[in-house]
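[1] Generate coordinates for the sequence data below:
(one chain, ligands or ions: 1)
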Amino acid sequence: MSSLKDNITTLKKDRNALILAHNYCLPEVQDIADHTGDSLGLSIIASKADADVIIFCGVTFMAESAKVLNPRKKVLMPEPFATCPMASMCSAEQIIDARKCHKDACVVGYVNTTASAKAEMDICCTSSNAVNIVSSMKEKEIIFVPDMNLGSYVASKAPSKNIILWNGYCPVHQSITVQNISDLKAKYPNAVVVAHPECRSDVLNAADLIGSTEKMIEYAKASDAKEFIVATEIGMKHRLSKECPGKRFHFIDHALCSVMKMTTLSSVLRTLNEMTTEVTLPEDTMERAKGPLKRMIDVK
Ligand code: SF4
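    The predicted structure is shown next:
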């Protein structure tokens, strides 16, 4: 393992590469990354990166966003078939059709979407800024794609808006039930419950804090509590445990995203060696997807 890491470190310097890893990646992949974070944080870092190459450890929509925000850079994905199932639940054509049915509505889209879907949106959002973004729109009617759980949560926080929900969801967060939370609460009665807004509304109702992965870290650091039940993907345990020493974090065992776990140290090393696989997008798609992403970053 250590020689894999050493080889990655050496080659990374030779290639002048920047390695970005999402919070849900394998612990050892997070450890060799220059930056680990959520979609918004990584998008902003990607947009300002001056390295020659960006190696994106995560899923395809994230690497596409990095390319759109910094098109002159070579963006490489160690696992180009790591595709988020939620992103596949909303296509560009479906958004165009939805606009025809709701002519006065604007489209706010979660970053967990393909670049071609982003090209049809008015603005993007992440789980950390979705409420702010929706509240900032002048339109009352908002088509919110693709996550119905995040959309419902946003609707509860922005009651003056008429949110039209999409039928999409993250299978990992959707699989977390209130019973899972109750079972952990019975084992760890003093634990505070934190939940990601991609969870179902009944799970969110059982939480002490609802927030993005970055907000969870902030909250756990500041909290007097020593134990937490965390309703999100299990990869978050690594950063929480590292950044909050002395605190314990309990996860739901089945909350594991298999596509996020596809990227390994071996695949990162292979990518650096072979300089594959490059993310490429049509110029027109990149140009049109950039607007909604940039607008999101400006509202942040
Ligand atoms: S955790 Fe959910 S939203 Fe994130 S990549 Fe996996 S399936 Fe997609």
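[2] which residues of the stretch 101-250 of the chain fall in strands?
    Listed in chain order, the strands found in the stretch 101-250 of the chain under DSSP state E, counting those that start in this stretch are 106-110, 123-125, 141-145, 162-165, 192-195, 209-210, 227-231, 248-251.
[3] closest to residue 286 out of these?
    strand 123-125 (14.0 Å; Cβ to Cβ). From N, CA and C alone the C-beta is placed, and that goes for glycine too.
[4] can you point me to the longest helix in this protein?
    In the chain, assigned by DSSP state H, the helix with the most residues is helix 283-299.
[5] Tell me the helices and strands packed up against it.
    helix 39-48, helix 60-69, helix 115-118, strand 123-125, helix 130-136 (3 or more Cβ pairs under 8 Å, 6 or more residues apart in numbering; DSSP states H and E).
[6] all helices of the stretch 151-300 of the chain, in order?
    171-174, 178-187, 201-205, 213-222, 236-243, 265-274, 283-299 (DSSP state H, counting those that start in this stretch).
[7] Dump those helices into CSV; add mean pLDDT and distance to residue 21 as well.
    Below are the helices of the stretch 151-300 of the chain laid out as CSV (pLDDT from 0 to 100; distance: least, Cβ to Cβ, whole Å):
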stretch, mean pLDDT, distance to residue 21
helix 171-174, 98, 17
helix 178-187, 98, 26
helix 201-205, 98, 26
helix 213-222, 96, 12
helix 236-243, 98, 10
helix 265-274, 98, 9
helix 283-299, 94, 20
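[8] Go through those helices and name the closest to residue 253.
    helix 178-187 (8.9 Å).
[9] Could I have the CA atoms of the closest one written out in CSV?
    The C-alpha coordinates for helix 178-187 follow below in CSV (Å, rounded to 0.1, in the frame of the first residue of the first chain):
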residue,chain,number,x,y,z
VAL,A,178,-36.5,5.7,10.3
GLN,A,179,-36.3,2.2,11.7
ASN,A,180,-32.5,2.2,10.9
ILE,A,181,-32.2,5.4,13.0
SER,A,182,-34.3,4.0,15.8
ASP,A,183,-32.2,0.9,16.0
LEU,A,184,-29.0,2.9,16.3
LYS,A,185,-30.7,5.2,18.8
ALA,A,186,-31.6,2.2,21.0
LYS,A,187,-27.9,1.2,20.9
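[10] next one: phi and psi at the residue lying closest to residue 60 once chain neighbours are set aside?
    Distance criterion Cβ to Cβ, 6 or more residues apart in numbering; nearest residue to residue 60, sequence neighbours excluded, is residue 83 at 5.0 Å. Main-chain dihedrals, residue 83, degrees, to the nearest 10: phi -110, psi 130.
[11] Count the residues that sit near residue 83.
    A count of nearby residues for residue 83, using other Cβ atoms under 10 Å, gives 15.
[12] With the ligand as the reference, measure out to it.
    For residue 83, the distance to the ligand (Cβ to the nearest ligand atom, to the nearest Å) stands at 9 Å.
[13] Let me see the confidence value for that residue.
    Note for residue 83: predicted pLDDT of 98.
[14] Help me confirm that it comes into contact with residue 259.
    Yes: Residue 83 lies in contact with residue 259 (Cβ atoms under 8 Å); the separation is 6.4 Å.
[15] From residue 167, how far off is the residue of the stretch 201-300 of the chain at minimum distance from the ligand?
    Nearest residue of the stretch 201-300 of the chain to the ligand: residue 257, at 3.3 Å (Cβ to the nearest ligand atom). For residue 257, the distance to residue 167 (Cβ to Cβ, to the nearest Å) stands at 20 Å.
[16] OK, contacts around the residue in the stretch 1-150 of the chain that the ligand sits nearest to?
    Of all residues in the stretch 1-150 of the chain, residue 84 sits closest to the ligand, at 3.3 Å by Cβ to the nearest ligand atom. Residue 84 makes contacts with 59-61, 112, 170, 259, as judged by Cβ atoms under 8 Å, 6 or more residues apart in numbering.
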